[in-house]
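>>> sequence unavailable; structure follows:
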């Protein structure tokens, strides 16, 4: 990327490291700079002042790169473009993979001139003979760097300061180019809207992500999701089509293709019962999408029905990569165990494991398989302890080797005093034998026994009759999402509460009414 030149110093930054004033550039140099920009409009410089020069610094766990100051980059837009080293997300990056821009003020080197070396790191020029050399303005050496490119493209400063790499090469869309039609989803930090792209008339889903006080960690967290989505490209993985950003707003919209249903909402629709070929069709698409994610070094870490979207052509796509991360199966990593929705969370995460891999997604896929065949969630725990108890009761107690490999001292307090017998085959004896065999594998308590998504696709469940139906042959349903199901449930609860309240009020009024002989005493008087 670019380097930070001495032209970026301001105020106290114009002084040398030993209290000696830094020499100003020669008048000839300043004259050349003014001459270069003499043709620019006056309001261009006012815009530079509004944008500011100093940039706040953030660096990701992947490393540190240096970008140009926005105003400096635009002053030299005729300079040759730099050879940019693309920072690809490595599979072993478990945290943020976003490279930020180094703060110009914090990046001030000790006494001496600073130079840009090939790998993008700013180094200090050696001092000679204790005599401070003249600070030469090297405007021509400062290429149009990352920050300059992004500011010119229209990205807000709060985004590019910590997430420049995530949006590299993209142009932000304008909010006014979309028409919001309906709210179709709600999360803790985001909302999802059905909208129409006014440029082409296409229906899209807009995921609005809110940032509290422009917290850099929240921005970096969102940027990881963008980076992951840009790495994936598969028919069964949702596609990120664009981003909507504003310099004046603290929100960002992610633009996705619109999908009419999600699996949770569809399964909760009264009267819908999936056949075996339909279940095979959905599971085949889910495992194909997971196989692609895992082959690209991505863990989803929140597989559940609400995150499996369906269109009217029967195509299933894995969505919501907000908890996803990069992983390397050949390298030990320290990841968080506070992921995956409780009902679909594997036992090792409930016990606090931090070194795990693709098998956490396979456990969740096993829960989905049983849910589709049985018509209801199979382990709806209310707390982590209750969830563990339900898992051990259905899948049996882990082996002694499992507890030893877990290497978590606090986890032993959850070890059952009396071993549980595995009874998956007994509880679901009505499932087709090939389905039961696959379920038994995916719901293995020991992660290493769950296999891989690719092996699951080769199981007898998919290679024996009745085969998976073609997605296009699936029934066409009215749009239904988990959010709609929740709204229906909330409305039903309100109606029940209104009926109960009305009954109580009616009972109270009856008690207050006088009886048929209530006025007898008055008549006597």
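Cool, got the structure. Since we're looking at a predicted model, the values are computed, not measured. Residues are numbered from 1 along each chain as shown.
>>> for the closest residue to residue 412 other than its chain neighbours, give me its contacts.
Spatial nearest neighbour of residue 412, excluding adjacent residues (Cβ to Cβ, 6 or more residues apart in numbering): residue 403 at 6.5 Å. (C-beta placed from N, C-alpha, C; glycine too.) Shown in contact with residue 403 (Cβ atoms under 8 Å, 6 or more residues apart in numbering): 411, 412, 415.
>>> in space, what's closest to the last one - neighbours in sequence excluded?
This points to residue 415. Nearest one to residue 415, counting by Cβ to Cβ, 6+ apart, is residue 403 at 6.2 Å.
>>> hang on, the earlier thing: just the buried residues of the contacts of residue 403.
Neighbour-count burial (16 or more other Cβ atoms under 10 Å) is assigned, among the contacts of residue 403, to residue 411.
>>> now the contacts of residue 403 as CSV including distance to residue 338 and secondary structure?
Output for the contacts of residue 403, formatted as CSV (distance: Cβ to Cβ, whole Å; DSSP: H, G, I helix; E, B strand; the rest coil):
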residue, distance to residue 338, secondary structure
411, 15, helix
412, 20, helix
415, 21, coil
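>>> secondary structure element holding the residue nearest to residue 412?
helix 400-406 (DSSP states H and E).
>>> in that helix, what's buried?
402, 403, 405, 406.
>>> now for those: which two are most distant?
Within the buried residues of helix 400-406, two members stand farthest from each other by Cβ to Cβ: 403 and 405, at 7.5 Å.
>>> thinking again about what came up before, and of the buried residues of helix 400-406, the nearest to residue 446?
Of all the buried residues of helix 400-406, residue 446 sits closest to residue 402, with 5.4 Å by Cβ to Cβ.
>>> local confidence estimate at the nearest residue to the closest one once chain neighbours are set aside?
Excluding the flanking residues, the one nearest residue 402 by Cβ to Cβ, 6+ apart is residue 446, at 5.4 Å. pLDDT, residue 446: 95.
>>> and residue 446, how many neighbours?
By the measure other Cβ atoms under 10 Å, the count of residues near residue 446 is 15.
>>> go on, residue 331?
11.
>>> just residue 424 next, same as before
Look at residue 424: counted by other Cβ under 10 Å, it has 20 neighbours.
>>> skipping adjacent residues, who's closest to it in space?
Distances taken as Cβ to Cβ, 6+ apart put residue 440 closest to residue 424, at 5.4 Å, once the chain neighbours are dropped.
>>> likewise residue 416?
residue 397 (5.1 Å).
>>> who's in contact with that neighbour?
Contacts of residue 397 by Cβ under 8 Å, 6+ apart are 415, 416, 419, 420, 445.
>>> in ChimeraX, how would I select just the buried ones from those residues?
Paste this into ChimeraX to select the buried members of these, with burial taken from 16+ other Cβ under 10 Å:
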select :420,445
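>>> as TSV, the contacts of residue 397 with distance to residue 323 and secondary structure would be great.
Listed next are those as TSV, based on distance: Cβ to Cβ, whole Å; three-state DSSP:
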residue	distance to residue 323	secondary structure
415	28	coil
416	29	coil
419	32	coil
420	29	coil
445	22	coil
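>>> and residue 419, what is it in contact with?
The neighbourhood of residue 419, defined by Cβ under 8 Å, 6+ apart, consists of 396, 397.
>>> change the start of the numbering to 215 and stick with it
Got it, the first residue is 215 from now on, which makes the last one we talked about residue 633.
>>> and it, how far from residue 563?
21 Å (Cβ to Cβ, to the nearest Å).
>>> before we move on, what about residue 369?
Using Cβ to Cβ, residue 369 is found at 36 Å from residue 563.
>>> thought the residue nearest to residue 638 was touching residue 640?
No. Assessed by Cβ atoms under 8 Å, residue 654 is found out of contact with residue 640, at 11.3 Å.
>>> these two: which has the busier surroundings?
More crowded of residue 654 and residue 640, by other Cβ under 10 Å: residue 654, with 17 against 9.
>>> look at that one and give its secondary structure.
helix (DSSP: H, G, I helix; E, B strand; the rest coil).
>>> on the pLDDT front, check it for me.
98.
>>> then the one 3 residues further on?
In the predicted model, residue 657 carries a pLDDT score of 98.
>>> can you get me a residue count around the residue lying closest to it once chain neighbours are set aside?
Residue nearest to residue 657 in three dimensions, not counting chain neighbours: residue 580, with 4.4 Å by Cβ to Cβ, 6+ apart. Residue 580 has 26 neighbours, counted by other Cβ under 10 Å.
>>> secondary structure class for residue 580?
Here residue 580 is recorded as helix under three-state DSSP.
>>> surely it is in contact with residue 651?
No. Residue 580 is beyond contact range of residue 651, at 11.7 Å (criterion: Cβ under 8 Å).
>>> if we can go back for a sec, using JSON lines, lay out the contacts of residue 617 together with distance to residue 398 and pLDDT.
Output for the contacts of residue 617, formatted as JSON lines (distance: Cβ to Cβ, whole Å; pLDDT from 0 to 100):
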{"residue": "625", "distance to residue 398": "39", "pLDDT": "76"}
{"residue": "626", "distance to residue 398": "44", "pLDDT": "75"}
{"residue": "629", "distance to residue 398": "43", "pLDDT": "86"}
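>>> from residue 469, how far out is residue 591?
Applying Cβ to Cβ to residue 591 and residue 469 gives a distance of 31 Å.
>>> what of residue 422?
Computed with Cβ to Cβ, the distance linking residue 422 and residue 469 is 11 Å.
>>> pLDDT below threshold where in the stretch 615-739 of the chain?
Scanning the stretch 615-739 of the chain with the threshold set as pLDDT under 70 gives 623, 696-710, 712-739.
>>> can you pull out the strands in it?
For the stretch 615-739 of the chain, applying DSSP state E, counting those that start in this stretch gives no strands.
>>> rewinding a little: closest one of the buried residues of helix 614-620 to residue 378?
Of all the buried residues of helix 614-620, residue 620 has the smallest distance to residue 378: 39.4 Å, by Cβ to Cβ.
>>> in space, what's closest to residue 399 - neighbours in sequence excluded?
Among residues not flanking residue 399 along the chain, residue 406 sits closest, at 3.3 Å (Cβ to Cβ, 6+ apart).
>>> please apply the same query to residue 561.
Of all residues not flanking residue 561 in the chain, residue 605 sits nearest, at 5.1 Å (Cβ to Cβ, 6+ apart).
>>> quick one: secondary structure of the one you found?
Look at residue 605: counting by three-state DSSP, its state is helix.
>>> tell me the predicted confidence for it.
Residue 605 is assigned a predicted lDDT (pLDDT) of 97.
>>> quick one: it from residue 526, how far?
Here residue 605 is placed at a distance of 36 Å from residue 526 (Cβ to Cβ).
>>> what sits up against the strand or helix carrying residue 523?
Assigned by DSSP H and E, residue 523 belongs to strand 522-524. Strand 522-524 has contacts (Cβ under 8 Å, 6+ apart) with 452, 473-478, 480, 496, 500, 530-533, 582.
>>> average pLDDT for it, rounded please.
Strand 522-524 comes out at a mean pLDDT of 96.
>>> thinking again about what came up before, more neighbours, residue 591 and residue 469?
residue 469 (20 against 17).
>>> which ones are touching the closest residue to that one other than its chain neighbours?
Distances taken as Cβ to Cβ, 6+ apart place residue 456 nearest to residue 469, at 4.1 Å, with adjacent residues excluded. Contacts for residue 456 (Cβ under 8 Å, 6+ apart) come out as 384, 387, 469.
>>> look up how far residue 625 lies from the residue nearest to residue 629.
Distance of residue 617 to residue 625, computed by Cβ to Cβ: 7 Å.
>>> that's a strand at residue 442, yeah?
No. Applying three-state DSSP, one finds residue 442 to be helix, outside a strand.
>>> and it, how far is that from residue 435?
Here residue 442 is placed at a distance of 11 Å from residue 435 (Cβ to Cβ).
>>> neighbour count: these two, which is higher?
Neighbour count, other Cβ under 10 Å: between residue 442 and residue 435, residue 442 has more, with 25 against 19.
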